[in-house]
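Trainee: What would the 3D arrangement of this be:
(chains A and B)
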2 protein chains.
Amino acid sequence: MTGFGLERLSLNQATVKYLGLADAVALCVRHDIPAIGLWRDRVAEAGLSSAVAAVRGAGLHVSSLCRGGFFTAGDAEGRAAARADNVAAVREAAALGADALVLVCGGLVPGSRNLGLARRMVADAIGELVPFAQQLGVRLGIEALHPMFCADRCVIASLGEAVDLALGFPPDAVGVVVDTYHVWWDARLAAEMARVAGRIVSYQVCDWVLPLPADILLGRGHLGDGVIDFGPISAAVAAAGYQGYVEVEIFNAGIWDAPPDQTAAVVRERFAAALLRGSKAGTGGGQAGPFGR
Amino acid sequence: MTGFGLERLSLNQATVKYLGLADAVALCVRHDIPAIGLWRDRVAEAGLSSAVAAVRGAGLHVSSLCRGGFFTAGDAEGRAAARADNVAAVREAAALGADALVLVCGGLVPGSRNLGLARRMVADAIGELVPFAQQLGVRLGIEALHPMFCADRCVIASLGEAVDLALGFPPDAVGVVVDTYHVWWDARLAAEMARVAGRIVSYQVCDWVLPLPADILLGRGHLGDGVIDFGPISAAVAAAGYQGYVEVEIFNAGIWDAPPDQTAAVVRERFAAALLRGSKAGTGGGQAGPFGR
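Mentor: Here you go, the predicted structure:
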């Protein structure tokens, strides 16, 4: 049976939004979760060297650092600030030994409807960042966001676009992030992953729940609570040669309000149900959720 | 200067949701709008023969009938009902002389997460409908809906998918609908339209406004009130040989509450600003909206 074992589980810190870095690290240790995805605001709050010491001391692997990007400022000052911020993010990712620095590339340029312009600015900004990332041994992960965020968060709106962009850069420097929430709907998903084989640098999972809440950023749920068939997507990720951790990253107001230990336990349980068994989870058998028991 | 002239404007009835068919027809006549996109519930309310008489008497062209589809029922009874309903829709489209019967194909099969299954069911159902549509001279228009509706309304989530599907059927029977709200974000849009040249059967326009409202079906606005660059999309539609009307179809609670004569006047004015001038509207110059005057 194919699938991802629990030894490849990573908890993205955003799933337990209200925990500081030390508490999130301790939570992973308590629940035998071997890796963590970190967010820069929490790293900054802890202090970079303390954060490095905390994850190393706990024996945790850092599967990703979230996030760089937001390259589409409308003026030179804004772009210079974005560049400086991304350089800092690369430094932090290097210090933490993160497998990838996740890039959320930015929406339309303020005051412009020109998608092509914004996309060129993203490509140019990544190109400027690549030599420094290579120097520090950090892989940049271009994340395609769901098209509903195209205007205001990320003009890279499908995996195919992220792949086109990544393939223009050296493989040691740039890859793509596959996040099920953003790309599950795409009929070309498996083909795009095959095209970018060897260059998936992060695999993030959460479910798409219905109905979407008023804040569409938060329409995510525990694996099994929504409509995503994780089996075929995970199989394509594996077929594309992905060897890294699988990060559970859930933005959901209800989950944020739940006790973190409960959340971690559910994350483990659902991960095993949806990913360990491969595509069987896709039939809706054996896990909670809309089509469950 | 390229662009679509006001002689190609069509008002989709959904833009003035609270008007019955006769009132919507009269509104088009008062505002010198030469075509109308009809909805089946309003046609049924008026009675088919009265509806035919109303549009013919007014000299209006019927640019589309909305809608058939919803092919993904989970049981044989549901699929038989969908088939009967689509047969009725084809008959109505033929009687009205509509340029296209718009198909919204349906979401995931209830109780299933299997996207591939739903997509095969859509293809099979369209295939079953094709001979009857050909017999009556009706063109079916496969509409790609925005990926945010993939789970619950339409598994055909990008224009490329609609094109793949359409190209498997005879050109006189099946084409695609291009609706800016659903596809504006797609980096492959122009290429997909080129691939389906001669088979775009309806072009529907409205803007994508930010932030999305709680009901994401209603996040649409008058042309110019949002972020869509209508110039390049319209140019690609024209380059693909589209000769038909351009339907303004806006689902927006505020616009539904506005006086219909005001809505029709704004529709005309914005159409001229965004489409008559071609891509100039894309710079944000000269029309109202977030980047406007």
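
Trainee: Report all helices and strands that the strand or helix carrying A:Val52 contacts.
Mentor: Taking DSSP states H and E as the criterion, A:Val52 maps to helix A:48-57. With contacts taken as 3 or more Cβ pairs under 8 Å, 6 or more residues apart in numbering or on different chains; DSSP states H and E, helix A:48-57 sits against helix A:21-30, strand A:35-39, helix A:40-46, helix A:76-96. The way it works is simple: take the backbone N, C-alpha and C, and place the C-beta from them, glycine included.

Trainee: The shortest one to helix A:76-96, inter-axis angle?
Mentor: What separates the directions of strand A:35-39 and helix A:76-96 is an angle of 160 degrees, with axes from the mean of the first three to the mean of the last three Cα atoms, to 10 degrees.

Trainee: Parallel or antiparallel, which strands does strand A:35-39 pair with?
Mentor: Note on strand A:35-39: by DSSP bridges, its sheet partners are strand A:9-12 (parallel), strand A:61-69 (parallel).

Trainee: Export the ones you listed as a markdown table, with columns for mean pLDDT and mean neighbour count.
Mentor: Converted to a markdown table, those look like this (pLDDT from 0 to 100; neighbours: other Cβ atoms under 10 Å in any protein chain shown):
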| stretch | mean pLDDT | mean neighbour count |
| --- | --- | --- |
| strand A:9-12 | 98 | 28 |
| strand A:61-69 | 98 | 26 |
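
Trainee: Let me have these in TSV, extended by distance to A:Val209.
Mentor: Converted to TSV, these look like this (distance: least, Cβ to Cβ, whole Å):
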stretch	distance to A:Val209
strand A:9-12	17
strand A:61-69	21
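
Trainee: For B:Asp85, find the nearest of those.
Mentor: Nearest to B:Asp85, of all those, is strand A:9-12, at 44.4 Å by Cβ to Cβ.

Trainee: Could the C-alpha coordinates of that closest one be exported in PDB?
Mentor: Provided in PDB are the C-alpha atoms of strand A:9-12 (Å, rounded to 0.1, in the frame of the first residue of the first chain):
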ATOM      1  CA  LEU A   9       4.100  14.400   9.200                       C
ATOM      2  CA  SER A  10       4.900  18.000   9.800                       C
ATOM      3  CA  LEU A  11       2.700  20.500  11.700                       C
ATOM      4  CA  ASN A  12       2.500  23.900  10.200                       C
END
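
Trainee: if we look at that strand, which residues are touching it?
Mentor: Contact partners of strand A:9-12, identified using Cβ atoms under 8 Å, 6 or more residues apart in numbering or on different chains, comprise A:24, A:27-28, A:31, A:33-37, A:61, A:63-64, A:66, A:204, A:245-250, A:264, A:267-268, A:271.

Trainee: repeat that for 6 Å
Mentor: Contacts with strand A:9-12, where a contact means Cβ atoms under 6 Å, 6 or more residues apart in numbering or on different chains, come from A:28, A:33, A:35-37, A:63, A:245, A:247-249, A:271.

Trainee: Surely A:Val176 is in a helix?
Mentor: No. Looking at A:Val176 with DSSP: H, G, I helix; E, B strand; the rest coil, it is strand, so not inside a helix.

Trainee: Compute the distance between the residue nearest to it when sequence neighbours are not counted and chain B, please.
Mentor: What sits nearest to A:Val176 in space, not counting adjacent residues and going by Cβ to Cβ, 6 or more residues apart in numbering or on different chains, is A:Ala162, at 4.5 Å. Applying Cβ to the nearest Cβ, to the nearest Å, the value for A:Ala162 to chain B is 10 Å.

Trainee: Same check on A:Tyr18?
Mentor: Look at A:Tyr18 and chain B: by Cβ to the nearest Cβ, they are 24 Å apart.

Trainee: One more: A:Pro211?
Mentor: Per Cβ to the nearest Cβ, A:Pro211 is found 8 Å from chain B.

Trainee: any idea which element that residue lies in?
Mentor: Here A:Pro211 is assigned to no helix or strand, by DSSP H and E.

Trainee: what about it, neighbour count?
Mentor: 11 (other Cβ atoms under 10 Å in any protein chain shown).

Trainee: before we move on, back to that, B:Arg188 is nearest to which of the helices and strands packed on helix A:48-57?
Mentor: Evaluated with Cβ to Cβ, the helices and strands packed on helix A:48-57 place helix A:76-96 nearest to B:Arg188, the distance being 26.8 Å.

Trainee: For that closest one, output the C-alpha coordinates as CSV.
Mentor: These are the backbone C-alpha positions of helix A:76-96, laid out as CSV (Å, rounded to 0.1, in the frame of the first residue of the first chain):
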residue,chain,number,x,y,z
ALA,A,76,10.5,51.4,-6.3
GLU,A,77,10.5,51.9,-2.6
GLY,A,78,8.0,49.2,-2.1
ARG,A,79,9.9,46.8,-4.3
ALA,A,80,13.2,47.6,-2.5
ALA,A,81,11.5,46.9,0.8
ALA,A,82,10.1,43.6,-0.5
ARG,A,83,13.6,42.7,-1.7
ALA,A,84,15.1,43.4,1.6
ASP,A,85,12.4,41.4,3.4
ASN,A,86,13.0,38.5,1.1
VAL,A,87,16.7,38.6,1.6
ALA,A,88,16.0,38.5,5.4
ALA,A,89,13.6,35.6,4.9
VAL,A,90,16.3,33.6,3.0
ARG,A,91,18.8,34.2,5.8
GLU,A,92,16.2,33.0,8.4
ALA,A,93,15.4,29.9,6.3
ALA,A,94,19.1,29.1,6.1
ALA,A,95,19.6,29.5,9.8
LEU,A,96,16.6,27.3,10.5
